[in-house]
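Visitor: structure of the sequence below:
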Amino acid sequence: MSHAEEPVPPAADALARLRLDGKVAIVTGGTRGIGLAIAATFARAGARVMLSSRKAEHVEHAVAALRHEGLAVHGVAAHMGAPADCHMLAARTVEHFDGIDIIVNNAATNPVFGPLQQAGDEAFDKIFAVNVKGPLELCRTAHTVMAQRGGGAVINVASIGGVSPEPGLGLYSVSKAALISLTKVMAQEWGADGIRANVICPGLIKTRFSAALWKDAAIADQVLGHQPIRRIGMPEDISGLALFLASDASAYCTGGVYMADGGYLL
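Guide: Model prediction:
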């Protein structure tokens, strides 16, 4: 059959593939900013969502807000820098929702700002425990459950700093580069189990986590002066991409590194 003779897929099929009905998703760092936007988007698309954050009061507030919309969400306090908490989060998700299909590793930390010479061992260990080891522990724990359900999707939220190091964010940038590499390894090793892994690299997004950057007029002006899209990103600019990567619409996508930075790295 020639290209000209190939039938055009119905538009309804493409839209239906963006739905997450029957899927169970874990979203770490899911009580604020990008994580909360992703959790809400997934739940509105039909998923049952387990969101987590380090502080129980933040979890309770986010869950209450989303349930007010009639969404199927649950939450548990978990510290992604503690392997036992990662294992508990996976177990509690299976206990409450009977499975795991999607994992979004969004939780992150950056306790230092400045050159590498000023970053001590404690900061290094904390950054890598949360930003790299936590995602690995959670995904390894959930791997068997996901594979038994026919596969699933892992979405790791990195940063443009993982591609091009950002001034003053040296260790954070290194940890996000490691997360990008980890994603590619997951994609390569777990593809045969039906598990896809992709990574999103946000640019400057208006969240509490990045407030020190976008509230600084000089930094914001520098960023916007370098971007084709001359505005600071919003959490919803990431959640739509995450929905695509979690859904069957991206069934042929794995190992990908997706920029959402307004064109900053062009």
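
Visitor: run a quick neighbour tally on the residue lying closest to residue 162 once chain neighbours are set aside.
Guide: Computed as CB to CB, 6 or more residues apart in numbering, the closest residue to residue 162 that is not its neighbour in sequence is residue 176, at 3.1 Å. Yep, even glycine has a C-beta here, placed from its N, CA and C like the rest. For residue 176, the neighbour count with other CB atoms under 10 Å is 28.

Visitor: again with residue 111
Guide: Residues near residue 111, counting by other CB under 10 Å: 12.

Visitor: wouldn't it be in contact with residue 127 here?
Guide: Yes: shown here, residue 111 and residue 127 form a contact pair, counting by CB atoms under 8 Å, at 7.1 Å.

Visitor: so where does the residue nearest to residue 162 fall, helix or strand?
Guide: Here residue 176, judged by DSSP states H and E, is contained in helix 170-190.

Visitor: mind listing what's buried along that helix?
Guide: Going by neighbour count (16 or more other CB atoms under 10 Å), the buried part of helix 170-190 is 170-180, 182-184, 186-187, 190.

Visitor: go on, stretch 105-113?
Guide: Neighbour-count burial for stretch 105-113, counted by 16+ other CB under 10 Å, picks out 105-110, 112.

Visitor: among those, which one lies nearest to residue 18?
Guide: Among the buried residues of stretch 105-113, residue 106 lies closest to residue 18 (CB to CB), at 19.7 Å.

Visitor: what separation is there between the residue nearest to residue 162 and residue 217?
Guide: In this view, residue 176 and residue 217 are 25 Å apart by CB to CB, to the nearest Å.

Visitor: same question, residue 174
Guide: Relative to residue 217, and taking CB to CB, residue 174 is found at 28 Å.

Visitor: tell me how far residue 118 lies from residue 180.
Guide: Distance of residue 118 to residue 180, given as CB to CB: 25 Å.
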